[in-house]
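Colleague: need a 3D model of the following:
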Amino acid sequence: MTSAIDPIYTESVPNPWWLQATIWLGPPATLLALASVWREESGIARVIGVVLLLALGAGLVAIGLWLTALKIEVTREALRYGWGPLGATRCWPDVLDAEVEPYRWATYGGWGLRLATGKRRAYSVPGVRFGVMVRTRDGKRTHLASRQPEALCAAIRSMVATPPGNVRGGDE
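Modeller: Presented below is the predicted three-dimensional model:
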């Protein structure tokens, strides 16, 4: 039997290799800058430069890890999606419905975490042409990029159709 915290559906939608390579160029560039500061500066200027560059490098590594892939999870409690801290959680009473649809980059102005008019937002990944549009009670519409949009949509719809407090799979 599935417990309340076990995911019903999970998906990790990776960013394309060229975008990940661009993101991961930051830490090596920071190391080169660190070596330059170490060689050229002395005293407190060296200490400040090294500390700032180490903080920058750590921040770039964290960003690289967060932006590697869009994570989507459907559980009995909620729908969760995003890149690291750049995401959201929608509890099932707030979700109205979901449908598979193509991603129209012109509507949102590109890829990534995008905001558009009419309470629309998108969590999109370059090269992923379809996803699931999730509508919520507060009027928001969120497009989630997916390599398996039919499966994601079915998982969301199965939870929207479940009455609150009804846990499937138990004895009646």
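Colleague: domain ranges for the chain, per the record?
Modeller: 9-13+70-160, 14-66 (automatic domain parsing).
Colleague: comparing those, which gets the lowest mean pLDDT score?
Modeller: Between the domains of the chain, the lowest average pLDDT goes to domain 14-66, which shows a mean of 81.
Colleague: start and end of that domain, how far apart?
Modeller: Start-to-end span of domain 14-66 (CA to CA, to the nearest Å) is 11 Å.
Colleague: same check, this time on stretch 70-88
Modeller: End-to-end span of stretch 70-88 (CA to CA): 12 Å.
Colleague: where along this structure do the strands fall?
Modeller: 9-14, 69-74, 78-83, 86-91, 95-102, 112-116, 120-124, 130-136, 141-145 (DSSP state E).
Colleague: figure out which of these is closest to Val47.
Modeller: Nearest to Val47, of all those, is strand 86-91, at 32.6 Å by CB to CB. Glycine gets a C-beta too; all of them are placed from N, C-alpha and C.
Colleague: tell me which residues of that closest one come out buried.
Modeller: Gly87, Ala88, Arg90 (16 or more other CB atoms under 10 Å).
Colleague: quick one: the second one and Glu73 touch, right?
Modeller: In other words, Ala88. No. Using CB atoms under 8 Å, Ala88 is not in contact with Glu73; the gap is 11.6 Å.
Colleague: overlap in contacts, the two.
Modeller: Common contacts of Ala88 and Glu73, defined by CB atoms under 8 Å, 6 or more residues apart in numbering, comprise Arg80, Tyr81.
Colleague: can you pull the contacts of Arg147?
Modeller: By CB under 8 Å, 6+ apart, Arg147 lies in contact with Glu11, Val13, Val128.
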